[in-house]
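Colleague: I'll drop the sequence and a predicted model, then ask my questions.
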Amino acid sequence: MQTLYSPQQLPIYSIEPDEIAGNKNFRVYNFEGTLPNQSELLIPHRKDHYLVVLNRQSDSRQWIDMTPYVLKNNTIYFAGPSHIIVKEGFKQLWSTGIAFTKEFLSLQENASLSKLPIIENLHDGHELALTAADLNFVEDILAKINTEYQKPGEWQQRMLTAYLTVLLTYLSRLYTEQFKESDHSADKLLLKTFQAKINESYHELHEVGDYASMLNISAGHLSEVVKIQSGKPAIKHIHERLVLEAQRLLFHTEHSLKEITFDLGFSDTSYFNRFFKRETGVTPATYRANIREMYH
């Protein structure tokens, strides 16, 4: 059975030039209590560009390379062209995002930016915590970028590059402070491998012991390492992956509850109903009705 994250079927999204700058290599996104784009919701995808976002307020979650992130207020999130993204949240968000392509970074005056830690992302990180001072600095630079973005002209490119250089350099300093070499430890690698195995086999395998057998370790050891590295039980990772796919099927398809039950490897519809309600607080039918009412 083909998984949700099969590379062959992943859409790749490009920067869509807006009416302000009309630039296919650089764009500013501002969200003020906006709902996420319905067409991207629960659809795994890649972007052909980098995206750095200051999330000011949001009560939702997104996945980057099989790791779910509950979006925190006044926090930086970032991803690049190699990462798989799934937007799971359905709530309003307040944020500013800066999108830019490899081509933008390859311009002569921008060449050094591609070597910055936040761009190279050797620690595979996607979240930066901000102190009050950090937040003030980032907000100031984003305000300057927003102002310049509204002024098309011969100097706009240089000004945007200058401000982006300052922003990425500042965030790179935070990156090196917050991500240490220990992130490459064997335990961290085990967590990543476990998550990858879930993604390959969640349709058929729902127990921690099944994945421990695949990794040739005991279920107890796997559970202990995963809990320490991620802060939540190993079984929770499996359940979250199942819920994500169930939500996608309920929102984007007309599959019956019975079809979804069997597609996800559950043998009994009533058990799947109880599982989904326990994990989300609502039944699958209620979830489908609520989310479709919100977006249609």
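Modeller: Sure, I can see it.
Colleague: For Ser95, which residues count as its bridge partners?
Modeller: Beta-bridge partners recorded for Ser95 (DSSP bridges): Phe31, Asn55.
Colleague: Start the count at 855 instead of 1 going forward.
Modeller: Let's use 855 as the start, then, which means that last one is Ser949.
Colleague: and it, how many neighbours?
Modeller: Neighbours of Ser949 under the rule other C-beta atoms under 10 Å: 19. Backbone N, C-alpha and C define where each C-beta goes, glycine included.
Colleague: wait, it sits on Phe885?
Modeller: Yes: using C-beta atoms under 8 Å, Ser949 is in contact with Phe885, at 4.9 Å.
Colleague: For this protein, give me the ranges with low pLDDT.
Modeller: Along the chain, the parts satisfying pLDDT under 70 run over 855-862, 962-964, 1035-1038, 1150.
Colleague: what about the strands in it?
Modeller: Per DSSP state E, the chain carries strands over the ranges 866-867, 880-888, 900-901, 903-912, 915-918, 921-924, 929-933, 939-941, 947-955, 981-983.
Colleague: Quick one: list the elements packing against the longest one.
Modeller: Read it as strand 903-912. Contacts defined by 3 or more C-beta pairs under 8 Å, 6 or more residues apart in numbering; DSSP states H and E place strand 903-912 against strand 929-933, strand 947-955, helix 956-960, helix 986-1003, helix 1010-1032.
Colleague: Domain parsing of the chain, as residue ranges.
Modeller: Here the chain is described, according to automatic domain parsing, as comprising the domains 861-1035, 1039-1149.
Colleague: Could you dump the helices and strands packed on strand 903-912 into JSON lines and include distance to Phe1120?
Modeller: Formatted as JSON lines, the helices and strands packed on strand 903-912 follow (distance: least, C-beta to C-beta, whole Å):
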{"stretch": "strand 929-933", "distance to Phe1120": "32"}
{"stretch": "strand 947-955", "distance to Phe1120": "32"}
{"stretch": "helix 956-960", "distance to Phe1120": "42"}
{"stretch": "helix 986-1003", "distance to Phe1120": "44"}
{"stretch": "helix 1010-1032", "distance to Phe1120": "39"}
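Colleague: Any idea which of those gets closest to His977?
Modeller: If you check each of those against His977 by C-beta to C-beta, helix 1010-1032 wins as the nearest, at 7.8 Å.
Colleague: Need the contact partners of that closest one.
Modeller: 875, 880, 906, 930, 932, 952, 954, 961, 963-964, 967, 970-973, 975, 977, 979, 982-984, 988, 991-992, 995-996, 998-999, 1002-1003 (C-beta atoms under 8 Å, 6 or more residues apart in numbering).
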